[in-house]
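> From the sequence below, what's the structure:
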Amino acid sequence: ETNPEEQTRFVLLFHSILPSVTMSRLGRILFVFLVAVWVASGEGEHPDPFGSIRQGLEGHPSIYSNVQKSVVLNAKPNIIEKSGDWVEVTISGVSKTTKTDLLAMYSPSNVDPTKTSPVKFMFAKKFKGDYLKTGNATVRFTCVNMHSDVSFILYSNEGKEWKKWDEGKEKAHALGKSNAITFKNLQEPNQGHIALTKVNGEMRVMWATGYSNSTQSLRIGTQSKAYTTTVHGVEASYTAHNLCNSPGKDWGWKNPGRLFSAVAQKLVAGKQYFYTFGSDQTGWSAEESFLAPHPPSSSLTTKFIAFGDMGKGHIDGSNQHHDNQEPSRKVVENIQKRIKEIDLIFHVGDISYARGYSAQWDEFMEQIRPIASKIPWMTLPGNHEWIYPDAGGECGVPYQRHFVMPHAFGKPWYSFEHGPVHFVTFNTEESYAPGSHQYKWIESDLKSVDRKRTPWVVFSGHRPMYQQHNPEYSKKIREHLEPLTHHHKVDVAFWGHVHDYQRTCPMYKGVCEEGKTTHVVIGMGGFNIGETFKTTKKYLKSVHFKNGYSLITADKSEFKFQFFDNDDVLSDHFTLKK
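Model (predicted):
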């Protein structure tokens, strides 16, 4: 069983190559067989470690049949104070060790590991202590409060490498299981983050809590600890039944708790507001604060950060699904240094890369919380939130419940304004062809822009209209939408999906011309950078194979763009003027 992304890549490869290759029927069959072997071999772009662990256990009469009585796993502390704290697991008494032994974290502690994937795991080669020789080790993990208790299972397997962990001569089996540990408050309200709405003087606050049936509320005021307004939270939770396919609805599922949002209204522009959320029954979150947004105006200056394709890293050295987003932590760290100077975050798709493993949303929300709880984190969906198999059967549900944006008519496209900028977002994973609901909305929104109020228009979707490799989806976006964006004089278009940085000249239909749209691929926000290439397109003026973020400063006459890499070094910049 290959993972869904590998299956999709094989199908695309099959359909793109075979029609252009002349070969006999036997040759075609052989070609398909060889590519299938390549995919199944684990040599695809991204292995699925969670799937491998589950598959290695599947069908085993008892994963505990080979438990060694001498093996002791002790997890501590028994009570974890708060989300994100460190926990420690000591391992002793393992008589036969292999480099592919691994320690996996499960939550809740009593789940069936043959039917449920772990939250995270670590291979023996990363254990502290001389485990391979002594059978003793100490392993440390950070532990996000997922509103359920936690336990750890130590597994053994004869697989030779982690990509093929489920291919040992025998099925994987447990050597031992730890005691369960839990949080001081399993109902703890957490994952707080904020977003703009369509109404001036408002801010939406979103959060998660445990399974208590208590009513949740937002408390807010202009003085610390002195809250003058209470807003009841609106629940936006979901269950496995809301998801559309595996692994999201079955072995990747973990209850996300209850999700809420509340909108603070009639805020005074520029004023600092302090807030907390929760209830007396579940407890209240730590206090956070934000500055109320100003109404859009050409007389103001706005400063925002934009990127796509972030995901999450892990400071404890553990392995997680899509284990190739470590640069995202550095991106977050660098943005935090600028948090007092920026007004909002603009994240253009491929948000958490949870891909059906719901615990990964908890990890991601904890990673961005120090920023997203203070400044609006505005998003749009990418393929890894929306379509199957790329989204692992989530089909947009967890994304939309975690990030409640000012959607138009409940659809995953919307516009908003900040300072002198009008932002238009659309969903590249749904129809945008002329005559479609989304196309009509885009056309109507662009027509409605008041250039006296917002002289700059930023247009954005996940898959790019222009990029070096020019796949079919880029051709379709150009065919359907470029005449529209050209007619309405869009200034800048931001895109993600491709994991690097690419900037074009101002152009239309691939021809550089001043005053036209500048396209910027900003898919460098945390996922490992993709394959390098030699620039062949004349309209590409700057290409960098680096992770990082873009910083934009806009006033009524200038749109200043800067790209900073993960060393926080300025790697590219341009300025548009009116």
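
> quick one, helices of the stretch 201-350 of the chain?
327-337 (DSSP state H, counting those that start in this stretch).

> can you pull out the strands in it?
203-209, 217-221, 229-232, 234-235, 258-264, 272-279, 283-284, 288-291, 302-307, 344-348 (DSSP state E, counting those that start in this stretch).

> Spatially central residue for the protein, please.
residue 352 (1.5 Å; C-alpha atoms, centre = their mean).

> ok, now which ones touch the closest residue to that residue other than its chain neighbours?
Closest residue to residue 352 apart from its sequence neighbours, by C-beta to C-beta, 6 or more residues apart in numbering: residue 364 at 3.6 Å. For every residue, glycine as well, the C-beta is placed using N, CA and C. Listed by C-beta atoms under 8 Å, 6 or more residues apart in numbering, the contact partners of residue 364 are 310, 311, 312, 351, 352, 353, 354.

> so residue 553 touches residue 305, yeah?
No. Residue 553 lies out of contact with residue 305 (C-beta atoms under 8 Å); the separation is 10.6 Å.

> Which one's more surrounded, these two?
residue 305 (26 against 18; other C-beta atoms under 10 Å).

> Could you list which residues are in contact with the more buried one?
335, 338, 342, 344, 345, 346, 549, 550, 551, 552.

> Give me the PyMOL select line for those, limited to the buried ones.
A single PyMOL command is used to select the members of the contacts of residue 305 judged buried by 16 or more other C-beta atoms under 10 Å:
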select buried, resi 335+342+344+345+346+549+550+551+552
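
> Can I get the contacts of residue 305 in CSV including distance to residue 188 and pLDDT?
Output for the contacts of residue 305, formatted as CSV (distance: C-beta to C-beta, whole Å; pLDDT from 0 to 100):
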residue, distance to residue 188, pLDDT
335, 25, 98
338, 29, 97
342, 28, 97
344, 27, 98
345, 24, 98
346, 29, 98
549, 30, 98
550, 34, 98
551, 34, 98
552, 35, 98
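
> Show me which pair in the contacts of residue 305 is furthest apart.
By the measure C-beta to C-beta, 338 and 346 form the most distant pair in the contacts of residue 305, at 13.9 Å.

> Tell me the spatial nearest neighbour of residue 189, not counting adjacent residues.
Nearest to residue 189 is residue 278, by C-beta to C-beta, 6+ apart, at 3.7 Å.

> Bridge partners for the one you found, pull those for me.
Partner residues in beta bridges with residue 278, using DSSP bridges, are residue 217, residue 284.

> for this protein, what helix or strand is lowest in average pLDDT?
helix 4-17 (a mean of 36; mean pLDDT, DSSP states H and E).

> The stretch 401-550 of the chain: helices as residue ranges?
Counting by DSSP H, counting those that start in this stretch, the helices of the stretch 401-550 of the chain are 437-448, 472-487.

> Need those helices in JSON lines (columns: mean pLDDT).
As requested, those are arranged in JSON lines below (pLDDT from 0 to 100):
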{"stretch": "helix 437-448", "mean pLDDT": "98"}
{"stretch": "helix 472-487", "mean pLDDT": "97"}
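
> can you put those in JSON lines and add mean neighbour count and distance to residue 100?
Shown next, in JSON lines, are these (neighbours: other C-beta atoms under 10 Å; distance: least, C-beta to C-beta, whole Å):
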{"stretch": "helix 437-448", "mean neighbour count": "16", "distance to residue 100": "47"}
{"stretch": "helix 472-487", "mean neighbour count": "16", "distance to residue 100": "38"}
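
> average pLDDT across the one helix or strand residue 53 maps to?
Using DSSP states H and E, residue 53 maps to helix 49-57. Mean pLDDT, computed over helix 49-57, is 68.

> do stretch 389-398 as well
pLDDT averaged over stretch 389-398 gives 96.

> That one: end-to-end distance?
Taking C-alpha to C-alpha, to the nearest Å, the first and last residues of stretch 389-398 lie 15 Å apart.

> And for stretch 304-314?
End-to-end span of stretch 304-314 (C-alpha to C-alpha): 26 Å.

> Can you give me the buried ones in that stretch?
For stretch 304-314, by 16+ other C-beta under 10 Å, it's 304, 305, 306, 307, 308, 309, 310, 311, 312, 313, 314.
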